[in-house]
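# pasting the structure only:
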């Protein structure tokens, strides 16, 4: 993030390998992170993983497979390490629902920690009517604090800094907050997604990384110049909001 002056993550939710790689190559110079859903790619094979890793090195970004694990420890360890996708082999970061309790972190860390991977917990979601609120969010934060060696942050709508802590606590959380549902133009979609601007997310809500998908690549992955222009636009908006937040805290 610091090297590239970017707190932009692009969520690449397309079903064809060609489109997937084209979008990533176009946005690569502007992002700190690329978020994938490899299970929706219809022509997936291991060569795609190698090409994704090559792009990660070429453009200096982190790979985040948005798997949203949600099962017992033994099962998620197998889902993470095995099967068709072998996520732990190539994804620097993944994420999980805290619904099953701390065992989900133990299961994933048994695979990911030796590989130097990191985990995000879904403490909040951007969809209308989401149940991840209140005590659920507080428990997610407590679970993260108990596993600081593997949990690096949250998917949330606001900073999780200090949630559930005693007022006089000296310790700082130092977790990252990645936030989906970011748009400079649209306010929502027909599926219940709700959008906020980068300024609202970074400056007002104290989050760290904006996650943007369709707002950058739209419905046509072939419009490379437009995709690059939108990625640059979001990168600049997100980083400006971050700089303003830092200045306000100084």
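Cool, got the structure. On a predicted model such as this, the values are computed, not experimentally measured, just so you know. Residues are numbered from 1 along each chain as shown.
# and residue 5, what is it in contact with?
235, 239 (CB atoms under 8 Å, 6 or more residues apart in numbering). (Each C-beta comes from the backbone N, C-alpha and C, glycine too.)
# ok, and the closest non-adjacent residue to the residue nearest the centre of the chain?
Taking CA atoms, centre = their mean, the centroid of the chain lies closest to residue 178, which sits 5.3 Å from it. Distances taken as CB to CB, 6 or more residues apart in numbering place residue 209 nearest to residue 178, at 4.3 Å, with adjacent residues excluded.
# is it true that that neighbour touches residue 176?
Yes. With contacts counted by CB atoms under 8 Å, residue 209 reaches residue 176, the gap being 6.5 Å.
# quick one: which of the two has more around it?
Shown here are residue 209 and residue 176; by other CB atoms under 10 Å, residue 209 has more neighbours (27 against 21).
# which phi and psi does that one have?
Phi and psi for residue 209, reported as degrees, to the nearest 10, are phi -130, psi 130.
# and the gap between it and residue 224?
Distance of residue 209 to residue 224, given as CB to CB, to the nearest Å: 24 Å.
# show me the beta-bridge partners of the residue nearest to the centre of the chain.
Note on residue 178: beta-bridge partners residue 155, residue 209, judged by DSSP bridges.
# tell me the confidence at it?
pLDDT for residue 178: 97.
# tell me the contacts of it?
9, 33, 120, 153-156, 207-209, 211.
# among the residues you listed, which ones are buried?
In terms of neighbour count (16 or more other CB atoms under 10 Å), the buried residues within the contacts of residue 178 are 9, 33, 120, 153-156, 207-209, 211.
# from these, which two are the most distant?
33 and 156 (15.5 Å; CB to CB).
# what's the top strand by length along the chain packed up against?
Using DSSP state E, we find that the single longest strand of the chain is strand 62-69. Strand 62-69 sits against strand 33-36, helix 46-59, helix 73-81, strand 93-96, with contacts defined as 3 or more CB pairs under 8 Å, 6 or more residues apart in numbering; DSSP states H and E.
# switch the cut-off to 6 Å
Counting by 3 or more CB pairs under 6 Å, 6 or more residues apart in numbering; DSSP states H and E, the packing neighbours recorded for strand 62-69 are strand 33-36, strand 93-96.
# distance between the helix ranked longest in the chain and the chain's centre?
For the chain, the helix with the greatest residue count under DSSP state H is helix 224-249. Remark: helix 224-249 is offset 16 Å from the chain centroid, using CA atoms, centre = their mean, to the nearest Å.
# what are the buried residues along that helix?
227-228, 230-235, 237-239, 241-242, 245.
# repeat for stretch 67-79
By 16+ other CB under 10 Å, the buried positions in stretch 67-79 come out as 67, 69, 71, 73, 76-77, 79.
# which of these lies closest to residue 107?
residue 73 (2.9 Å).
# any idea how far the closest one is from residue 141?
According to CB to CB, residue 73 and residue 141 sit 20 Å apart.
# low pLDDT regions in the protein?
Within the chain, the ranges that satisfy pLDDT under 70 run 165-171, 186-193.
# do that again at 90, thanks
124-134, 161-174, 185-195, 218-222, 249-250 (pLDDT under 90).
# check which helix or strand covers residue 24.
helix 17-27 (DSSP states H and E).
# buried ones in that helix?
With burial defined by 16+ other CB under 10 Å, the residues of helix 17-27 counted as buried are 17, 19-27.
# any idea which of the residues you listed is closest to residue 63?
The shortest gap between residue 63 and any of the buried residues of helix 17-27 belongs to residue 24, at 9.5 Å (CB to CB).
# which residues touch that closest one?
The neighbours of residue 24, taking CB atoms under 6 Å, 6 or more residues apart in numbering as the test, are 12, 34, 55.
# rewinding a little: mind putting the buried residues of stretch 67-79 in CSV, distance to residue 200 included?
As requested, the buried residues of stretch 67-79 are exported to CSV (distance: CB to CB, whole Å):
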residue, distance to residue 200
67, 27
69, 29
71, 34
73, 37
76, 33
77, 37
79, 34
